[in-house]
Structures are given as C-alpha cells and as structure tokens.
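In: Would you be able to build a 3D model of this:
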Amino acid sequence: MTETGKVYLVGAGPGDPDLLTIKAHKLFDQVDVVVYDRLVSDEIMNLVPAGTSCISVGKQPRFHPVPQEQINDILVSLAAEGQRVMRLKGGDPFLFGRGSEEAAYLHANNIPFEVIPGVTSASACAAAVGLPLTHRGYATGARFITGHCSDDNDLDWDWKGLSDPNTTLVVYMGVANLIQICTRLTENGLAESTPVAAINNGTRPDQRCLISSLGAITGDVAKCNFSGPVLFVIGRVVELTKALGFEHERISGDLVEERESA
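Out: Numbering: from 1, shown residues only. Sure, this is the predicted structure:
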C-alpha cells in the first residue's frame, strides 16, 4: 500500500526571490512536484531543482483554464500517490490565495498538509515604492479587499465602510473591475481627489508605480499598458511617497513624468 504524501501550501511572496522565506526556499529541495500559480515569478520558478515536476494551474481574470475544483483534485491525487507536493502561490496562501479552500479539501480527504506563510503583496509592494500603509495623521488602519468575486459576479462589498477617508484601502486583482470599484467608492462619499497608487510588478526588476486619483485612475491605467499583476492602494498615505523621496509616474495632474525618462 502506497504511503500518503503531503501537500505544502507555500506563499512565494510578491515576486522578488530575495523575499521568499528561508523555509520555502529549503522546501524546493524536498518536494517531488510543484503546482504553481500564474503570479509566481519566473525568478522564483528558476529556483526549482532540475528534475522536479512542475504543473501550471494559473488563472487570469475571467479565464480559469484549470478550475479550482480541478486544482483541489490534482493536489489530492498527487499526495495519494505518495508524492510530496508544493502548492506554490503568489503572496501569502491564506490572503486571497484560496489556500484555506485547498486546506479544507485536503483535510476532508485525509491528506496531510502544512501552510508555509509568505510575504503578502500589500505590505511588500507598498513598501517597495515608499508607500506606508499606515501613518499617523493620514490613516488609522488598512483594509485589504479583492477586486473580483467568484464566478465573476458583481462586487457586493460594504462600500460605505470601505469609503472611510481615514483608512487605507488595498485592492488585489482589481484591474478588470476598476471602473466599478471607483464608482462605488465615490458614490459612497470618497472624494474623487483621493490619491491612488497602481503598483505593477511590485518588488520585481520591472516594477512600475503610477500615482493618480480616484477620479482619474481608470483612464490613467488604460494609458500605461501594464503587464503583470497590479495592486491598487487608495488613500491619503499615497501622498507620502514623494515626501519619502520616491518619484513615480504621473499622467493626470500638474506633474507629468515617466519613470523610464527620469
């Protein structure tokens, strides 16, 4: 009888391989197969030893070639064969990574698993562009939301609560529904002049950061031709990037500059 393997739900962090945890890095040499998401950077995948099987199960907005139910079954099947499986996710597996859903499915099927935390994109990407998520006099707290719902339904969030000007709002995976997000926030009282940062490929060599406002960000993002993951930070703390010595792209407003020509 084949001995059951084990699944490791691992956070790969925001993309910079230097931000991968030591525990996760060591695990690469101990697993038989890596089941990885689209947001895991090439630099991190290059750390997988030759000979280790790699299975891509990446999703994109409104395009899920490998449904979550199938991913769950893949993990169970591989572990049932006795394999040690790394389920590698961008950021942290328990923050908008659906890691808890996979953990519940593994538990229900008597598959041993372990969660390896990762540096979440919200704090890492914001820090990389000189943007503190909290700052005395600017924000008393921060809230993280996802920019899309299951089955691509409309976003049914507490928009009134999210429109608090004293709170920093971080939006994961928000490009596809950016118009809806900005509209709902302004309808619920958040000023169109509220600063917004769009961080593209945060912490990676091709990192870009666009500074805009709630009223202009949709049009500005459309002009930037971003490729790769984009994280949005909404709130007065965005104003602090310049005070900390960081200059970023601006399209709307008084200053128009491109990072590449700076």
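In: tell me which element residue 130 falls in.
Out: Residue 130 belongs to no helix or strand when assigned by DSSP states H and E.
In: where does the residue nearest to it when sequence neighbours are not counted land in three-state SS?
Out: Spatial nearest neighbour of residue 130, excluding adjacent residues (C-beta to C-beta, 6 or more residues apart in numbering): residue 246 at 3.4 Å. For every residue, glycine as well, the C-beta is placed using N, CA and C. Assigned with DSSP: H, G, I helix; E, B strand; the rest coil, residue 246 falls in the coil class.
In: Now do the helices in the stretch 51-200 of the chain.
Out: Here the stretch 51-200 of the chain has its helices, by DSSP state H, counting those that start in this stretch, at 68-80, 99-108, 121-128, 159-162, 178-187.
In: In the stretch 1-150 of the chain, what residue spans correspond to strands?
Out: Taking DSSP state E, counting those that start in this stretch as the criterion, the stretch 1-150 of the chain contains strands spanning 6-11, 33-36, 53-56, 84-89, 113-116, 141-146.
In: JSON lines please, covering those and showing mean neighbour count, mean pLDDT and distance to residue 166.
Out: What follows is those, written out as JSON lines (neighbours: other C-beta atoms under 10 Å; pLDDT from 0 to 100; distance: least, C-beta to C-beta, whole Å):
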{"stretch": "strand 6-11", "mean neighbour count": "25", "mean pLDDT": "98", "distance to residue 166": "29"}
{"stretch": "strand 33-36", "mean neighbour count": "22", "mean pLDDT": "98", "distance to residue 166": "38"}
{"stretch": "strand 53-56", "mean neighbour count": "13", "mean pLDDT": "96", "distance to residue 166": "41"}
{"stretch": "strand 84-89", "mean neighbour count": "25", "mean pLDDT": "98", "distance to residue 166": "31"}
{"stretch": "strand 113-116", "mean neighbour count": "18", "mean pLDDT": "98", "distance to residue 166": "33"}
{"stretch": "strand 141-146", "mean neighbour count": "16", "mean pLDDT": "95", "distance to residue 166": "8"}
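In: Looking at those, which is nearest to residue 178?
Out: Among those, strand 141-146 comes nearest to residue 178, with 12.7 Å by C-beta to C-beta.
In: What are the contacting residues of that closest one?
Out: 95-96, 122, 133-134, 157, 162, 166-174 (C-beta atoms under 8 Å, 6 or more residues apart in numbering).
In: Go again with 7 Å.
Out: In this structure, residues lying in contact with strand 141-146 by C-beta atoms under 7 Å, 6 or more residues apart in numbering are 95-96, 122, 133-134, 157, 162, 167-173.
In: sorry, back to before: tabulate the strands of the stretch 1-150 of the chain in a markdown table, adding columns for distance to residue 206.
Out: Converted to a markdown table, the strands of the stretch 1-150 of the chain look like this (distance: least, C-beta to C-beta, whole Å):
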| stretch | distance to residue 206 |
| --- | --- |
| strand 6-11 | 21 |
| strand 33-36 | 20 |
| strand 53-56 | 21 |
| strand 84-89 | 21 |
| strand 113-116 | 26 |
| strand 141-146 | 24 |
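In: show me what contacts the residue nearest to residue 114 when sequence neighbours are not counted?
Out: Leaving aside its sequence neighbours, residue 114 sits nearest to residue 8 (C-beta to C-beta, 6+ apart; 5.3 Å). By C-beta under 7 Å, 6+ apart, the contact set of residue 8 is 27, 31, 85, 86, 87, 114, 116.
In: how much space between residue 8 and residue 245?
Out: For residue 8, the distance to residue 245 equals 39 Å [C-beta to C-beta, to the nearest Å].
In: circling back: of the contacts of strand 141-146 - the most surrounded one?
Out: Neighbour counts for those, by other C-beta atoms under 10 Å, peak at residue 171, which reaches 27 neighbours.
In: so what's that residue up against?
Out: So residue 171 contacts 145, 147, 181, 232, 234 (C-beta under 7 Å, 6+ apart).
In: Report the two of those residues separated the most.
Out: Most distant of those, by C-beta to C-beta, are 147 and 234, 11.4 Å apart.
In: shaky segments in the chain?
Out: 1, 59-64, 149-153, 253-262 (pLDDT under 70).
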